[in-house]
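Peer 1: Sharing a sequence plus its predicted fold:
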Amino acid sequence: MNNPDDQPANPGAGQRWEKAVTGAGAPKAAGRKPAPPPAPEPLYEKHQTVHNQRINGPFRRFKWFVMLVTLAIYYVTPWIRWDRGPYAPDQAVLVDLANRRFYMFGIEIWPHEFYFVAGLLIMAGIGLFLVTSAVGRAWCGYACPQTVWTDLFQHVDRLVDGDRNARARLDKAPWTASKLARRLFKWLIYLAIAFATGGAWILYFADAPTLFREFFTLQAAPVAYATVGVLTATTFTLGGFMREQVCIYMCPWPRIQTAMLDEKSLIVTYKDWRGEPRGSVKKAEKKPGAYGDCIDCLQCVAVCPTGIDIREGPQIDCITCALCIDACDRVMKDIGRPRGLIDYATLEDCEAERAGEPPRSAWKALMHPRTLIYSGIWGGIGIALLFALGVRNHTDLTVSPDRNPPFMLLRDGSVRNAYTLKLRNMESRPRDMEIALDGLPGAVLWTDTIAQTDAARSHVLEVGPDQTRTVRAYVAAPSGTARQNFSFVLTSRDEQAEQDSSETLFNAPGGE
Ligand code: SF4
Ligand code: SF4
């Protein structure tokens, strides 16, 4: 029962645990009523607000850089214009749901080309695997939207309430008018950021300047207000208040990533063989050689955005943002010891260093087989997508034969089949397109806009810019024609002379 290994690490919790199990502290007088059993330990730990301290250093600067780039991309992209001529929208990145198009600079994706989007999503997934395999949870530490917005909100905290100690003091202070005013002001800034975040999102789905104007003159569609409302509320709550709890308790990615890490993955590690036993500079001066490099200053804990102590070993709460490396390196510099007591390292390198080998550069750890395999797959899919984009046709034809009736006998004995053709002109200009028959000797073609008397082997039709023209087509073959396959061929009548064809069936009497 009193095995010390069973006791929780937290000393306060340890005392409560001891009292609960042994009854220590209960009245001992004989004959008195026994004390009621203590209340059970709560299942959930009370949330402790993390007041992380400001730090400067290479990793912090890199985080600034990633934050500015990602936020700039998110907020600015819908405002970038891209000239596609008079018949297409001039927004560089646009998800045009009404017309079922996705525009990205010079690329326009049609619904039947969704495989490009699927390919990009697969690349994004493999990219995450690649990053995890190479540099551990770098996505979580630098580029995940939850990390970026949490970081932004933490800077607002610092701006309004001051650094770590001032914020902790203010948190504990009673609710005075000044504290309330400060809080309201801060929450107003949170709300402005959250609103800008939700507002920017809808601009990707319509012409940004038009929607912006309509939104503020209350002329936008209700779905725009609902989307902005939901995104504002979630950004305000998740970034402003829940912060690291989203990473620790809500997000599945840390669990998946943990399963993907191996002994060759880079993680942020405290080098306990170098740091332990901990002791202040004074103690180390009194007893040289008795203490490790860690002076137990807790700077690494103070700067951590998730409030953990990396010296307790790798933890799921660690998003590998490396701010503790910056903090500890600064301490090491100040006390004249070598940097890297906390550092990016693989478990394999840690074992080697523990055995006395010199530290290996983190860059060398990037080149291991799994990373190279992921890079190869990622690059292969990217090249295949680029190739498919380069050779894709801007003329497309689909054919659906009528099933019922499969054919009709005309007065002169010829056999007629009907088809629905979809002629796609994927250029941002109107084009003349020739639709012709290939095979089926003696057959002629007419459409819902071309009379039967003008039937011929081919006809030219105009298809509007960026449009699909649906055409009812009729094909008549001489009496005695057997059931057989033939093709419709669509050719653009311009300098590109792009062509697409679609094979289909001509039904005739006597067919199965
Ligand atoms: S910052 Fe470095 S020296 Fe200070 S407690 Fe953390 S590991 Fe030890
Ligand atoms: S322990 Fe270090 S790397 Fe991990 S989250 Fe905290 S500061 Fe970032």
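Peer 2: Noted; the coordinates are in hand. Ligands and ions are numbered 1, 2, ... in the order given.

Peer 1: What segments of the protein are strands?
Peer 2: Residue ranges of the strands in the chain, as given by DSSP state E, are 93-96, 101-104, 107-109, 266-270, 342-346, 395-401, 408-409, 415-425, 431-438, 444-447, 458-463, 467-477, 484-492, 499-506.

Peer 1: how about these in JSON lines, adding distance to Gly240 and mean pLDDT?
Peer 2: C-betas here are computed from N, CA, C, even on glycine. As requested, the strands of the chain are exported to JSON lines (distance: least, C-beta to C-beta, whole Å; pLDDT from 0 to 100):
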{"stretch": "strand 93-96", "distance to Gly240": "28", "mean pLDDT": "96"}
{"stretch": "strand 101-104", "distance to Gly240": "32", "mean pLDDT": "92"}
{"stretch": "strand 107-109", "distance to Gly240": "36", "mean pLDDT": "91"}
{"stretch": "strand 266-270", "distance to Gly240": "26", "mean pLDDT": "91"}
{"stretch": "strand 342-346", "distance to Gly240": "29", "mean pLDDT": "91"}
{"stretch": "strand 395-401", "distance to Gly240": "48", "mean pLDDT": "95"}
{"stretch": "strand 408-409", "distance to Gly240": "69", "mean pLDDT": "94"}
{"stretch": "strand 415-425", "distance to Gly240": "47", "mean pLDDT": "96"}
{"stretch": "strand 431-438", "distance to Gly240": "52", "mean pLDDT": "96"}
{"stretch": "strand 444-447", "distance to Gly240": "61", "mean pLDDT": "97"}
{"stretch": "strand 458-463", "distance to Gly240": "51", "mean pLDDT": "96"}
{"stretch": "strand 467-477", "distance to Gly240": "46", "mean pLDDT": "96"}
{"stretch": "strand 484-492", "distance to Gly240": "54", "mean pLDDT": "96"}
{"stretch": "strand 499-506", "distance to Gly240": "53", "mean pLDDT": "96"}
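
Peer 1: Let me have the ones you listed in JSON lines, extended by distance to ligand 2 and mean neighbour count.
Peer 2: Below are the strands of the chain laid out as JSON lines (distance: least, C-beta to the nearest ligand atom, whole Å; neighbours: other C-beta atoms under 10 Å):
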{"stretch": "strand 93-96", "distance to ligand 2": "32", "mean neighbour count": "18"}
{"stretch": "strand 101-104", "distance to ligand 2": "34", "mean neighbour count": "18"}
{"stretch": "strand 107-109", "distance to ligand 2": "37", "mean neighbour count": "17"}
{"stretch": "strand 266-270", "distance to ligand 2": "4", "mean neighbour count": "23"}
{"stretch": "strand 342-346", "distance to ligand 2": "7", "mean neighbour count": "23"}
{"stretch": "strand 395-401", "distance to ligand 2": "50", "mean neighbour count": "18"}
{"stretch": "strand 408-409", "distance to ligand 2": "73", "mean neighbour count": "14"}
{"stretch": "strand 415-425", "distance to ligand 2": "51", "mean neighbour count": "20"}
{"stretch": "strand 431-438", "distance to ligand 2": "56", "mean neighbour count": "18"}
{"stretch": "strand 444-447", "distance to ligand 2": "66", "mean neighbour count": "20"}
{"stretch": "strand 458-463", "distance to ligand 2": "56", "mean neighbour count": "16"}
{"stretch": "strand 467-477", "distance to ligand 2": "51", "mean neighbour count": "18"}
{"stretch": "strand 484-492", "distance to ligand 2": "56", "mean neighbour count": "18"}
{"stretch": "strand 499-506", "distance to ligand 2": "54", "mean neighbour count": "16"}
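
Peer 1: beta partners of Leu94?
Peer 2: On the basis of DSSP bridges, Leu94 is bridged to Tyr103.

Peer 1: returning to that earlier point: between the strands of the chain, which one is closest to Ala224.
Peer 2: Ala224 sits nearest to strand 93-96 of all the strands of the chain, at 13.5 Å, using C-beta to C-beta.

Peer 1: Determine how far that closest one lies from the middle of the whole chain.
Peer 2: 18 Å (C-alpha atoms, centre = their mean, to the nearest Å).

Peer 1: For it, name the packing helices and strands.
Peer 2: Contacting strand 93-96 under the criterion 3 or more C-beta pairs under 8 Å, 6 or more residues apart in numbering; DSSP states H and E are the following elements: strand 101-104.

Peer 1: Distance to ligand 1 added to the strands of the chain, as a markdown table?
Peer 2: Supplementary listing: these in a markdown table, determined by distance: least, C-beta to the nearest ligand atom, whole Å:
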| stretch | distance to ligand 1 |
| --- | --- |
| strand 93-96 | 43 |
| strand 101-104 | 45 |
| strand 107-109 | 48 |
| strand 266-270 | 6 |
| strand 342-346 | 5 |
| strand 395-401 | 62 |
| strand 408-409 | 86 |
| strand 415-425 | 62 |
| strand 431-438 | 67 |
| strand 444-447 | 78 |
| strand 458-463 | 68 |
| strand 467-477 | 63 |
| strand 484-492 | 67 |
| strand 499-506 | 65 |
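
Peer 1: I'd like these as TSV, with distance to Ile310 appended.
Peer 2: TSV is the format used below for these (distance: least, C-beta to C-beta, whole Å):
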stretch	distance to Ile310
strand 93-96	39
strand 101-104	40
strand 107-109	43
strand 266-270	5
strand 342-346	6
strand 395-401	56
strand 408-409	79
strand 415-425	57
strand 431-438	62
strand 444-447	72
strand 458-463	63
strand 467-477	57
strand 484-492	62
strand 499-506	59
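
Peer 1: To His47, which of these lies closest?
Peer 2: Among the strands of the chain, the nearest to His47 by C-beta to C-beta is strand 266-270 (23.6 Å).

Peer 1: Please enumerate residues in contact with the closest one?
Peer 2: Under the contact criterion C-beta atoms under 8 Å, 6 or more residues apart in numbering, strand 266-270 has outside partners 134-137, 261, 294, 300, 310-311, 313-314, 318, 320, 322, 324-325, 341-347, 350, 362, 365-366.

Peer 1: Tell me which of those fall in helices.
Peer 2: Within those, residues falling in helices by DSSP state H are Ala134, Val135, Cys300, Cys324, Ile325, Leu347, Cys350, Ala362, Ala365.

Peer 1: The first one contacts Leu366, doesn't it?
Peer 2: What it means is Ala134. Yes. Proximity of Ala134 to Leu366 meets the contact threshold set by C-beta atoms under 8 Å, at 5.0 Å.

Peer 1: residues of stretch 61-74 that come out buried?
Peer 2: Lys63, Val66, Met67, Thr70, Leu71, Tyr74 (16 or more other C-beta atoms under 10 Å).

Peer 1: Would you mind listing what in the stretch 301-450 of the chain touches ligand 2?
Peer 2: 303-306, 308, 310, 318-324 (C-beta under 6 Å from any ligand atom).

Peer 1: Could I have the PyMOL command that selects the buried members from those residues?
Peer 2: Buried residues among these (16+ other C-beta under 10 Å), as a PyMOL selection:
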select buried, resi 303+304+305+306+308+310+318+319+320+321+322+323+324
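
Peer 1: can I get the residues of the stretch 301-450 of the chain next to ligand 2 in CSV with distance to ligand 1 and pLDDT?
Peer 2: As requested, those are exported to CSV (distance: C-beta to the nearest ligand atom, whole Å; pLDDT from 0 to 100):
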residue, distance to ligand 1, pLDDT
Val303, 9, 96
Cys304, 10, 95
Pro305, 15, 93
Thr306, 15, 92
Ile308, 12, 93
Ile310, 7, 95
Cys318, 14, 92
Ile319, 17, 92
Thr320, 16, 92
Cys321, 15, 94
Ala322, 13, 95
Leu323, 11, 96
Cys324, 7, 97
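
Peer 1: wait, what's in contact with Leu505?
Peer 2: If a contact means C-beta under 8 Å, 6+ apart, then Leu505 has Pro401, Arg483, Gln484, Asn485 as its contacts.

Peer 1: Any stretches of this structure with poor pLDDT?
Peer 2: Applying pLDDT under 70 to the chain picks out residues 1-33, 362, 511-512.

Peer 1: Find the nearest non-adjacent residue to the residue of the stretch 101-250 of the chain found nearest ligand 1, please.
Peer 2: Residue of the stretch 101-250 of the chain nearest ligand 1, by C-beta to the nearest ligand atom: Arg164 (14.2 Å). In this structure, Arg164 finds its nearest non-sequential neighbour in Gln53, 4.0 Å apart by C-beta to C-beta, 6 or more residues apart in numbering.

Peer 1: Thank you, goodbye.
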